[in-house]
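Colleague: my questions concern the predicted model and sequence given below.
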Amino acid sequence: MQKIDIALISAQYKNIDGYSWTSDGSNKSAIWTMGHIKPQSKMMTAKHGFTWVKTKGIYFFSCYAPPSLTAEEYERMLTALAFEARGKHPVLIAGDFNAWSTTWGSTRTSRRGRVLLESLAPFDLELLNVPGKFTFQTERGCSIVDPAFANSTIVRNATWTVSSTYTYSDHKAITIDILMGVENSDFRPQRAQKRGWKRQSFDPEVFNMSWNACLTLDSAGELKAEGMTAVVSNCLSKACDGTMPRLSGRPHRKAVYWWNSHIAKIRGDCNRVRRKLKRACGTPAVDALLAQHKTCKATLKKAIQANKNRCFKELCDSVNVDPWGKGHKVVMRTVKNPRGPQPTCPALLRVVVSTLFPY
C-alpha cells in the first residue's frame, strides 16, 4: 500500500474529528494530514469550496466546485480563493474544479476553465498535470477536470501521476510526490521580512475598499472568540497589502536554477581538496594536491555547464507544451523594464474594469 502524508479530498462522504482533518464551510473539500505530519497552521474561517493547511513549509489548498454552482457563484468562489492564497508561498492548489481547458489537455476550453486560469494568473503558478492524462472516467467517456497548480519551486521537485488505486468513484486518485531532501534548497525556511508598509503611498479610499472587500470575503460563518483576533489581523494585513507596497527586507538568496545535489557534492569535494592544499603549503604533498584541485575545478565547471545546457533544453521544450509558461516569463523579464507592484484588491480591480469597460 502506498504511503500518503497529505490527502486533498473533494466531495468527501463524511468528516473526521480531530486536528489533522480540515474541512471547508460546505463540507465538500477537506485536507487530511496523516502519520507524523502535523499542520503548522490552517484556515481559521471556513469558506465554501476550498480550505488550506500549511505543513512542511508548503500551503496546500483543496478545492471542490460542484457542477451545480452558477457562473456567479463559481466566480465568487475563485475570487475568495485568490484572495486567500495571496501572500502565501510556496503554494499547491488542487481539486475538482469541473473545468475544461486545452491547457491541461481537454479538447475545448469552457467558461469555467477560462475563469479559473484568469483567477490564478496573478500568481507564479505552473500546471502539475501531464496534459492529456485523464482524471475522470465513466462509461460515457473520459475527461480532465482535476487540475493541480503549484509554484515553480514545487514543480521542479514534484512528480504528478494518476494512480491505479480503486477509489469507488468516477474520479481517479492522483498522487503528487514532492522531493523534500536536505539537498533541496528551494524549501529552506526564509528569513523573516520586515512587517511594514511604505506609508507614503497610503490611500485612504483604496484602503477602505480593500478593508470592506476583505470583511465581505471573511464573513462566511460565525467567528469564534479565539479566532477573532487572528481573522481581524489577517484582514488588516490583506487590506494594507492591497493599498501599499511592503517595505523591502533583506531578500532571501535562492539557489540558482542549475544547482542540484550532484553539483553540491562535486563542489564539496573541491573545497575539501582546497583546504588540504592550503594546509599542505611548504610540504612535499603540495604538487599532488595542486593537480588534484585543478582536476576537481575542471570537473565542477563541466558539471555546471552540462546542467545549464540541460535546463535550457528543458525550457525550450516546455514552450512547445505551454507557450505562456516559464519560457514566456523568462523572455518577458528580459525585454521589459522592472514594473512596480500591481493592484490585487478584488474591489479595486472591479472598479477599474467597470470604469475602463463600462459596457
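Modeller: Great, that's in hand. Please read all numbers here as calculations on a predicted model, not as lab measurements.
Colleague: switch to C-alpha atoms for all contacts and neighbour counts from now on
Modeller: Will do.
Colleague: now the terminal residues of stretch 158-176, how far apart.
Modeller: The straight-line separation of the ends of stretch 158-176 (CA to CA, to the nearest Å) is 6 Å.
Colleague: residues in contact with it: which ones?
Modeller: Residues outside stretch 158-176 that contact it (CA atoms under 8 Å, 6 or more residues apart in numbering): 128-130, 133, 135-138, 177-179.
Colleague: for stretch 268-279, what is the average pLDDT?
Modeller: The average pLDDT for stretch 268-279 rounds to 88.
Colleague: stretch 139-153 now?
Modeller: Mean per-residue pLDDT for stretch 139-153: 88.
Colleague: all strands for the stretch 151-300 of the chain, in order.
Modeller: Taking DSSP state E, counting those that start in this stretch, the strands of the stretch 151-300 of the chain run over residues 158-162, 174-178.
Colleague: got a markdown table for those, with mean pLDDT and mean neighbour count too?
Modeller: As requested, the strands of the stretch 151-300 of the chain are exported to a markdown table (pLDDT from 0 to 100; neighbours: other CA atoms under 10 Å):
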| stretch | mean pLDDT | mean neighbour count |
| --- | --- | --- |
| strand 158-162 | 90 | 16 |
| strand 174-178 | 92 | 15 |
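Colleague: residue 324 is nearest to which of those strands?
Modeller: With CA to CA as the measure, strand 158-162 is the member of those nearest residue 324 (20.3 Å).
Colleague: what residues are up against the residue nearest the centre of the chain?
Modeller: Closest to where the C-alpha atoms of the chain average out (CA atoms, centre = their mean) is residue 91, at 2.8 Å. By CA under 8 Å, 6+ apart, the contact list for residue 91 reads 58-61, 85, 150-151.
Colleague: in PyMOL, select just the buried ones from these.
Modeller: Entered in PyMOL, the line below selects the buried ones among the contacts of residue 91, by 16 or more other CA atoms under 10 Å:
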select buried, resi 58+59+60+61+85+150+151
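Colleague: circling back: just the buried members of the contacts of stretch 158-176?
Modeller: 128-129, 135-136.
Colleague: picking up where we left off before, and the residue nearest to the centre of the chain, what pLDDT?
Modeller: 94.
Colleague: swap in residue 224?
Modeller: 54.
Colleague: just want the angle from the helix or strand where residue 7 lies to strand 174-178.
Modeller: Assessed by DSSP states H and E, residue 7 sits inside strand 6-10. Between strand 6-10 and strand 174-178, the angle comes out at 150 degrees (axes from the mean of the first three to the mean of the last three CA atoms, to 10 degrees).
Colleague: walk me through which strands strand 6-10 pairs with, and which way each runs.
Modeller: strand 29-33 (antiparallel) (DSSP bridges).
Colleague: and the very next helix or strand once past the strand it pairs with, what other elements does it pack with?
Modeller: Sequence-wise, the next helix or strand downstream of strand 29-33 (DSSP H and E) is strand 41-42. The contact analysis (3 or more CA pairs under 8 Å, 6 or more residues apart in numbering; DSSP states H and E) places strand 41-42 against strand 50-55.
Colleague: ok, residues contacting whichever helix or strand comes after the strand it packs on?
Modeller: Sequence order places strand 58-64 as the next helix or strand after strand 50-55, per DSSP H and E. With CA under 8 Å, 6+ apart as the test, strand 58-64 has contacts from 8-11, 28-31, 49-54, 88-97.
Colleague: alright, that wraps it up for me.
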